[in-house]
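Novice: With the sequence up front, the predicted model follows.
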Amino acid sequence: MLPSTICLDIHMAKSTRGHQERLKAIETLLLWEGQVSRPRLSELFDIHGTNLSKDMAAYAELVPGNCCYETGVRAYVLTSDARPQLSEGKFHEYESLVGTMPAEGLRAGVELLTTEQHATAISYRPFSRIHAAIREGKQLSIEYRSLGNPDRHQRTIRPHAFIQAGPRWHLRAYCEGAEAFRDFNLGRISRVLDPKATSLPGPEADIWWNTKIELRLVPHPELTSAQSRLVRDEYMGRAAALVFEAKQAVAKYIVRNYGAATNVSKEHPPQYLLAVDKPETLPPRTFI
């Protein structure tokens, strides 16, 4: 039986992949995070730290123009002229490495095909600047487009987290113009300037981010008894509900990913097999 409560924190199993794969991983981290260090690699690979240091030194020797070692941060840092050499420089490589996407196949001769492909059009240079701003607690100036304002316009934000929601990635940040915390679709960011020092509020002030709620998904009440049992067996391991302890800020993405109804009087089966249990008891505007 599946557990009735699902934890949303992603814990990636460490890998013992070979030397060449680790070199590619080093390049991927450099491109997308702007730097790579032994502690960061230790989070991904079950390899002795000395060997990881040798891997980084080997990459720096193999592709000398892509990185340089900075003693202040004790890491190899991406250079301004860096280019993909061992990787394609594609976002799906970073997704796969950090554990948010399935690996290519189940290995051992078993094929795996997934429709969970990313829909985030962003390159490694702006992404690494965003990553650095989060890491260093700094603000950014970005060019952004939204449905409300589809023309490119400038926003000043202080980002503090990434949200991977299905095929799309979002950025959780304080927006100076809105004077509030907002989610920004990474695919709608067209330009990112270098991070700067900031006095804008940080993650400790993001109430929705720091508020945990219990989100329960149940079979849609309009299903028959037999249909409800089928849905419980499929989604819940025969438990009464699929239960998430989630940040209020990401609850809407969970609901969208599962295609759950939030208003059962307007959202009906078969399009909606699941429904949010007692949505009226959750904080206002949770699903907006």
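Specialist: Perfect, thanks for sending it.
Novice: all contacts plus neighbour counts: C-alpha atoms, from now on.
Specialist: OK.
Novice: what's the spacing between stretch 30-41 and its chain's center?
Specialist: A distance of 17 Å separates the centroid of the chain from that of stretch 30-41, by CA atoms, centre = their mean, to the nearest Å.
Novice: Would you mark the buried spots in it?
Specialist: Across stretch 30-41, burial judged by 16 or more other CA atoms under 10 Å covers 30-38, 41.
Novice: Show me the residues you listed that map onto strands.
Specialist: By the criterion of DSSP state E, membership of the buried residues of stretch 30-41 in strands covers 35-36.
Novice: And the buried residues of stretch 30-41, which is closest to G99?
Specialist: Nearest to G99, judged by CA to CA, of the buried residues of stretch 30-41 is L41 at 13.2 Å.
Novice: so the closest residue to the closest one other than its chain neighbours, which of the three states?
Specialist: Among residues not flanking L41 along the chain, L52 sits closest, at 7.0 Å (CA to CA, 6 or more residues apart in numbering). Classification of L52 by DSSP: H, G, I helix; E, B strand; the rest coil places it in helix.
Novice: The closest residue to Q85 other than its chain neighbours - how many residues pack around it?
Specialist: Closest residue to Q85 apart from its sequence neighbours, by CA to CA, 6+ apart: V63 at 7.5 Å. Neighbourhood size, V63 [other CA atoms under 10 Å]: 16.
Novice: I'd like the distance from V63 to V255, if you could.
Specialist: Applying CA to CA, to the nearest Å, the value for V63 to V255 is 44 Å.
Novice: Wait, the residue nearest to L41 touches R38, no?
Specialist: Yes: using CA atoms under 8 Å, L52 is in contact with R38, at 6.2 Å.
Novice: ok, N66 - how many residues close by?
Specialist: 22.
Novice: And for it, nearest residue in space, chain neighbours not counted?
Specialist: A82 (4.2 Å).
Novice: Quick one, grab the pLDDT at that neighbour.
Specialist: Model confidence at A82, given as pLDDT, is 95.
Novice: Then G72?
Specialist: 93.
Novice: one step back: residues touching the residue nearest to L41, list them.
Specialist: Applying CA atoms under 8 Å, 6 or more residues apart in numbering to L52 gives the contacts 38, 41-42.
Novice: Any chance of JSON lines for the residues you listed, columns pLDDT and distance to R152?
Specialist: Below are these laid out as JSON lines (pLDDT from 0 to 100; distance: CA to CA, whole Å):
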{"residue": "R38", "pLDDT": "95", "distance to R152": "39"}
{"residue": "L41", "pLDDT": "93", "distance to R152": "37"}
{"residue": "S42", "pLDDT": "92", "distance to R152": "40"}
